[in-house]
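In: what would the 3D arrangement of this be:
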Amino acid sequence: MMADHVGYMNQYMNQMASAVFSFFDTGKHPSDEAEPERFYHGFVLGLMADAKLDYVITSNRESGLGRYDVVMEPRNKGDFAYVLEFKVKDPHSEKTLEDTVKSALDQIRGRDYDRVLTERGIPGERIRHYGFAFEGKRILIG
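Out: The predicted structure is shown next:
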């Protein structure tokens, strides 16, 4: 599924953001007040809704040493599982969306978000990580 389609995912997400988002939806900066990450989180979950036939999709659950954004556990154990982390670019600590993607991927690994999947018998080599970086209407997935 997603493992072979990162380029398409980036193209699709950026087209959707450009066509659908308003500047007022996304906010300018990550903050507790505007909570733009919640907006993006809900948007991505909505796009994933039809994958529920093939995946058990969970959101904001504890695993390892923290709380992941989204885990997609395959109903067919031979398929890949996915751990998704969403980050809004912090202009004070991240220069590029690539930096934000790296931060998201580091968080997945550092906080052991795979644990919920490995405890269910899914081997690490069948788990894929995706960091989603958001800045206004710009999105980068890596």
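In: so what touches stretch 47-61?
Out: Applying C-beta atoms under 8 Å, 6 or more residues apart in numbering, the external contacts of stretch 47-61 come out as 1, 16, 41, 45, 67-76, 79, 82, 116. Where C-beta positions appear, they are placed from N, C-alpha and C, glycine not excepted.
In: buried set for that stretch?
Out: Across stretch 47-61, burial judged by 16 or more other C-beta atoms under 10 Å covers 48, 55, 57.
In: so which of the residues you listed are in strands?
Out: In this view, these that belong to strands under DSSP state E are 55, 57.
In: and the least confident of the buried residues of stretch 47-61?
Out: Lowest-confidence member of the buried residues of stretch 47-61: residue 48, scoring 83 (pLDDT).
In: so how far is stretch 79-91 off the chain centroid?
Out: In terms of C-alpha atoms, centre = their mean, to the nearest Å, the centre of stretch 79-91 is found 3 Å from the chain centre.
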